[in-house]
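Q: quick one: sequence plus predicted model below, questions after.
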Amino acid sequence: MMTGSFLLWLLPAKRIGIPALALVLALLASGCSAHPGPGGGAEKVEFGTEDGVQLSGHVFGSGSVGVVLSHMRPTDQESWWPFARVLKDKGFQALTFDFRGYRDSQGEVDIGSIDTDVEAALDYLKDRGASRVFLVGASMGGTASLKVAARSEVAGVVTLSAPPSIDGVDATPDLRRIAAPKLFIAARDDGFYARSASLFEQRTDDPRERHLVEGAAHGTDMLSGDSGPRAQGLILDFLRRYSE
């Protein structure tokens, strides 16, 4: 990272105009951060899990219908920020958060406990006044969301490229217990994960839907590029239908 003195050395005093100086000061104020903010007027929040881990997140928007967005590996909550802004604009209250050990959350990475983190996020949105909450998870976040949906009251659950199990989190025994509406999305050429979406459809009861988008994008990557409009549209349509 360039220090303030080095930046000023690059711009000799006689040649520093007001615009250049303003740029230098802005860089210094931001610390040349590699992590831009989430935008969308998001509020930074913290909440705890039942086993005492403090998690960090952002809430976008407000309202009685909430959406918990759980990230995939190796990304963090930032991978959800563009879609969280979309949800806010559509009238939803969206929560992105980092699993334990990721980015700004405390604790060590422990994939086997991430369903506990999703549960805490669900409870947090309910405490903020959301009367109906959907769980939307990418890859491992989807697996954890399925486990929580089997034991907690949710408005619906959406998975993007979720495997049945991953590193100690196994949703397979829980699938038949999910009474809430379910939406399983995967990319057609994403091999194992496309087959997993079919497995979820076979092993869950109605209401349930499975959709394959074109290409091989995985998890939140499906929400951008060529598959973006359809993947986002599928989720938004699902949320609208089951929010009523």
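A: That came through fine. Numbers count the residues shown, from 1 in each chain.

Q: packing partners of the top helix by length along the chain?
A: In the chain, taking DSSP state H as the definition, the longest helix is helix 228-243. Where contact means 3 or more CB pairs under 8 Å, 6 or more residues apart in numbering; DSSP states H and E, helix 228-243 is packed against strand 65-70, helix 81-89, strand 132-138, strand 156-160, strand 182-187, strand 208-213. To be clear about C-beta, it is placed using only N, CA and C from the backbone, and glycine gets the same treatment.

Q: quick one: closest of the ones you listed to residue 223.
A: With respect to residue 223, and counting by CB to CB, the nearest of those is helix 81-89 at 5.3 Å.

Q: what's next to the closest one, contact-wise?
A: Outside of helix 81-89, the residues within contact range by CB atoms under 8 Å, 6 or more residues apart in numbering are 38-42, 58, 60-61, 67, 69, 94, 96, 220, 223-224, 232, 235-236, 239.

Q: what about 7 Å?
A: Helix 81-89 is contacted by residues 38-40, 60-61, 67, 69, 94, 96, 223, 232 when judged by CB atoms under 7 Å, 6 or more residues apart in numbering.

Q: what of stretch 90-98?
A: Contact with stretch 90-98 is made by 55-63, 65-69, 76-77, 80-81, 84, 87-88, 104-105, 121, 124-125, 130, 236, 239, as judged by CB under 7 Å, 6+ apart.

Q: what subset of the contacts of helix 81-89 is buried?
A: 38, 40, 60-61, 67, 69, 94, 96, 223, 232 (16 or more other CB atoms under 10 Å).

Q: just the ones of those residues in helices?
A: Among the buried ones among the contacts of helix 81-89, the ones falling in helices (DSSP H) are residue 232.
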